[in-house]
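J.: Generate a structure from the sequence data that follows.
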Amino acid sequence: MIVAFSVAPTVTESPTAEMADAVARAVKIVRESGLPNETTAMFTTLEGEWDEVFDVIKRATAAVEAVSPRVSLVVKADIRPGRTDMLHQKVRSLEEALQELG
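T.: Down below sits the predicted model:
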């Protein structure tokens, strides 16, 4: 499965520095998980089995909760059993389709 999620504090004293620090705590957990992942400006995407992916999301959310009394979490999942490396395959398929369009 591929899961895109965004977790961030909704309450901070300094919106720029504290927001980045809190999100960095979450991303550190994702990167240390060993699961395939990518972080962009709006979401972090993980690939793995249901329990391991949601365990990482839970721990990343707890890391943000440790520095903020209120947290926003958005989760979107593509559940496709039996598939692997879809984190990259979906992008390759898109690039191929774009090439065909010229």
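J.: Which parts of this protein are strands?
T.: 2-9, 37-39, 44-47, 71-78 (DSSP state E).
J.: Which residues does the residue nearest to residue 75 when sequence neighbours are not counted form beta bridges with?
T.: Closest residue to residue 75 in three dimensions, ignoring its sequence neighbours and counting by CB to CB, 6 or more residues apart in numbering: residue 5, at 4.7 Å. (C-beta placed from N, C-alpha, C; glycine too.) Beta bridges link residue 5 to residue 44, residue 75 when assigned by DSSP bridges.
J.: quick one: contacts of stretch 32-47?
T.: 1-6, 26-27, 30-31, 48, 52-53, 56-57, 60, 74, 76, 84-88 (CB atoms under 8 Å, 6 or more residues apart in numbering).
J.: make it 7 Å
T.: For stretch 32-47, the external contacting residues (CB atoms under 7 Å, 6 or more residues apart in numbering) are 2-6, 27, 30-31, 48, 52-53, 56, 86-87.
J.: Adding distance to residue 98, mean pLDDT and mean neighbour count, write the strands of the chain out as CSV.
T.: Below are the strands of the chain laid out as CSV (distance: least, CB to CB, whole Å; pLDDT from 0 to 100; neighbours: other CB atoms under 10 Å):
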stretch, distance to residue 98, mean pLDDT, mean neighbour count
strand 2-9, 20, 96, 20
strand 37-39, 19, 97, 15
strand 44-47, 20, 97, 22
strand 71-78, 20, 97, 14
